[in-house]
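Asker: Got a sequence here, can you build the structure:
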Amino acid sequence: MAPQREWFEKDYYSTLGVPSGADEKEITRAYRKLAKQYHPDKNKGDTEAEERFKAISAAYDVLGEADKRKEYDEVRQMVASGAGAGGPGYGGAPGGFGGGGGRGGFQNIQFDVDDGGGIGDILGGLFGRSGGTGGRRGRGAGQARGPRRGDDLETELHLDFHDAVHGITTSVSFTSDAVCSECHGNGAKPGTFPEMCPDCSGSGSIAVDQGPFSFSQVCPTCGGVGSIVKDKCPTCKGRGVERRRREVKVRIPAGVADGQKIRVKERGGAGSFGGPPGDLFVRVHVRPDSTFGRDGRNLTLAVPVTFAEAALGAQVRIPTLADPVTVKVPVGTRSGTTVRVRGRGIAAAGGTGDLLVTFDIVVPKELDDTQRAAVEALAEAFPDDPRADFPGAEPTKEHD
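Answerer: Numbers count the residues shown, from 1 in each chain. Sure, this is the predicted structure:
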């Protein structure tokens, strides 16, 4: 594992809120607590929480693996000793790390040198050279390439309401870099094969001695792959990847919410120089339903009832995601009253929600003579004015 540039800049222990001497259990416990707190599913639309979640995941990716953590600690110790930019041993005191001249624990550390400066610039200043290749032939100073993980990609998927509620396995189509269909990723022309790199003998790295120090770097000739391609594939020009239309199968879990992202591991952009592919994130868009609404794991349903049903009480039959059920309209129900039908919501991770039924009293817009007479008789039977207590209320007028 080659140290990354971010290791010089970021304190992963501080990100997770643990001391540098924390054991594996403490680190895992801290990560789980923070990941749960800042998970995008719990903080929809909160970009700060999303960025914090990414930082927490990056920190745990390093500190959660013993080998990565060991290398990270060594790099951080080197920075603390003054080997970083502006430190006592950077282009200054001849003693190297902190001016002490000792080898410390950093000989033969492999650094990831790239075009963007960062570690390459630090080492360049530390050892009095530019770039990271030491002047050897190859891609040129600072351009050595080791294995690179592919980019994370994002695409969109539109689902019907019921497919989102019950879950579905489907496919998404998009265009991206993918392993070359002609050479299957090795970059060589069909019928030929990559050859072992003559400079690193297939190891992907070379040793560089600088006085009392010795370290390894990505081989500038093969870019850390360990092999070179003489006859390049005509389709991908030796890159091992090509841009094409792809179709990826994705399993959408039951209860997925509108706007939620589903992660499909290693189905993103193709890696380069032998690196692994990135991940694919599928953003789900759920079409509204004509019958049901949704509130988290709960379903919502508006049920029309007559004035008589609301006043006298009734039993009404209503739809659910499965079989219809009967619910009670209490005597004297007001319009907008909501009752809960337990266990008839969405079955998703964390449990099953309820069905929230809201009663809407239907008032007819037109009445025939019989209905009008019945309503007028009802009005006569209820002479009390419901607005009598309103400030400035006037007596109820006669019906036209």
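
Asker: and this protein, what are its domains?
Answerer: Listed domain ranges for the chain are 145-194+229-287, 293-381 (source: automatic domain parsing).

Asker: Redo those as TSV? Include mean pLDDT, mean neighbour count and distance to residue 30.
Answerer: C-beta here means a position set from N, CA and C on the backbone, and glycine is covered the same way. Rendered in TSV, the data for these read as follows (pLDDT from 0 to 100; neighbours: other C-beta atoms under 10 Å; distance: least, C-beta to C-beta, whole Å):
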stretch	mean pLDDT	mean neighbour count	distance to residue 30
domain 145-194+229-287	89	17	22
domain 293-381	93	14	23
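
Asker: Include distance to residue 75 when you put the ones you listed into JSON lines, please.
Answerer: Shown next, in JSON lines, are the domains of the chain (distance: least, C-beta to C-beta, whole Å):
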{"stretch": "domain 145-194+229-287", "distance to residue 75": "16"}
{"stretch": "domain 293-381", "distance to residue 75": "38"}
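
Asker: Pull out the buried positions in the longest helix along the chain.
Answerer: In the chain, taking DSSP state H as the definition, the longest helix is helix 47-63. Neighbour counts using 16 or more other C-beta atoms under 10 Å place 49, 50, 52, 53, 55, 56, 59, 60, 62, 63 of helix 47-63 among the buried residues.

Asker: Is it possible to get TSV of those residues that adds pLDDT and distance to residue 341?
Answerer: Formatted as TSV, these follow (pLDDT from 0 to 100; distance: C-beta to C-beta, whole Å):
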residue	pLDDT	distance to residue 341
49	85	34
50	85	35
52	89	38
53	88	35
55	89	43
56	90	39
59	89	45
60	90	42
62	89	49
63	91	47
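
Asker: Kindly indicate which of those residues lies nearest residue 193.
Answerer: Lowest distance from residue 193 to the buried residues of helix 47-63 (C-beta to C-beta) belongs to residue 62, with 35.3 Å.

Asker: Against which helices or strands is the following helix or strand past the longest helix of the chain packed?
Answerer: Downstream of helix 47-63, the first helix or strand assigned by DSSP states H and E is helix 66-78. In terms of contacts (3 or more C-beta pairs under 8 Å, 6 or more residues apart in numbering; DSSP states H and E), helix 66-78 is packed against helix 6-9, helix 47-63.

Asker: list the buried ones in helix 66-78?
Answerer: Under 16+ other C-beta under 10 Å, the buried positions of helix 66-78 are 68, 69, 71, 72, 73, 74, 75, 76, 78.

Asker: which outside residues touch the longest helix of the chain?
Answerer: 6-7, 10, 12-13, 15-16, 27-28, 31, 34-35, 38-40, 42-43, 68-69, 72 (C-beta atoms under 8 Å, 6 or more residues apart in numbering).

Asker: Report the inter-axis angle for that helix versus helix 66-78.
Answerer: Counting by axes from the mean of the first three to the mean of the last three C-alpha atoms, to 10 degrees, helix 47-63 lies at 100 degrees to helix 66-78.

Asker: Now do helix 47-63: distance to the chain's middle.
Answerer: 10 Å (C-alpha atoms, centre = their mean, to the nearest Å).

Asker: Could I have the CA atoms of that helix written out in CSV?
Answerer: Output in CSV follows, covering the C-alpha atoms of helix 47-63 (Å, rounded to 0.1, in the frame of the first residue of the first chain):
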residue,chain,number,x,y,z
THR,A,47,-24.3,18.6,2.2
GLU,A,48,-22.2,19.2,5.3
ALA,A,49,-23.3,15.9,6.8
GLU,A,50,-22.6,14.2,3.5
GLU,A,51,-19.0,15.6,3.4
ARG,A,52,-18.5,14.7,7.0
PHE,A,53,-19.7,11.1,6.3
LYS,A,54,-17.2,10.9,3.4
ALA,A,55,-14.4,12.1,5.7
ILE,A,56,-15.3,9.6,8.4
SER,A,57,-15.4,6.7,5.9
ALA,A,58,-12.0,7.8,4.5
ALA,A,59,-10.5,7.9,8.0
TYR,A,60,-11.8,4.4,8.9
ASP,A,61,-10.6,3.0,5.6
VAL,A,62,-7.1,3.7,6.7
LEU,A,63,-7.3,3.3,10.5
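
Asker: Quickly note the distance from residue 153 to residue 267.
Answerer: 8 Å (C-beta to C-beta, to the nearest Å).

Asker: list residues touching both of those two?
Answerer: Joint contacts of residue 153 and residue 267 (C-beta under 8 Å, 6+ apart) are 279, 280.

Asker: sorry, back to before: are any of the contacts of helix 47-63 buried, and if so which?
Answerer: 7, 10, 12-13, 15-16, 27-28, 31, 34, 38, 40, 68-69, 72.

Asker: Now, the contacts of helix 47-63 that are in helices?
Answerer: Applying DSSP H to the contacts of helix 47-63, the entries found in helices are 6-7, 12-13, 15-16, 27-28, 31, 34-35, 38, 68-69, 72.

Asker: Out of those, flag the one nearest to residue 289.
Answerer: The closest of these, once distances to residue 289 are taken by C-beta to C-beta, is residue 38, at 31.0 Å.

Asker: Could I get the contacting residues of the closest one?
Answerer: Contacts of residue 38 by C-beta under 8 Å, 6+ apart are 49, 50, 52, 53, 56.

Asker: cool, and residue 184?
Answerer: Residue 184 touches nothing, counting by C-beta under 8 Å, 6+ apart.

Asker: measure it to residue 193 for me?
Answerer: Residue 184 is 11 Å from residue 193, by C-beta to C-beta.
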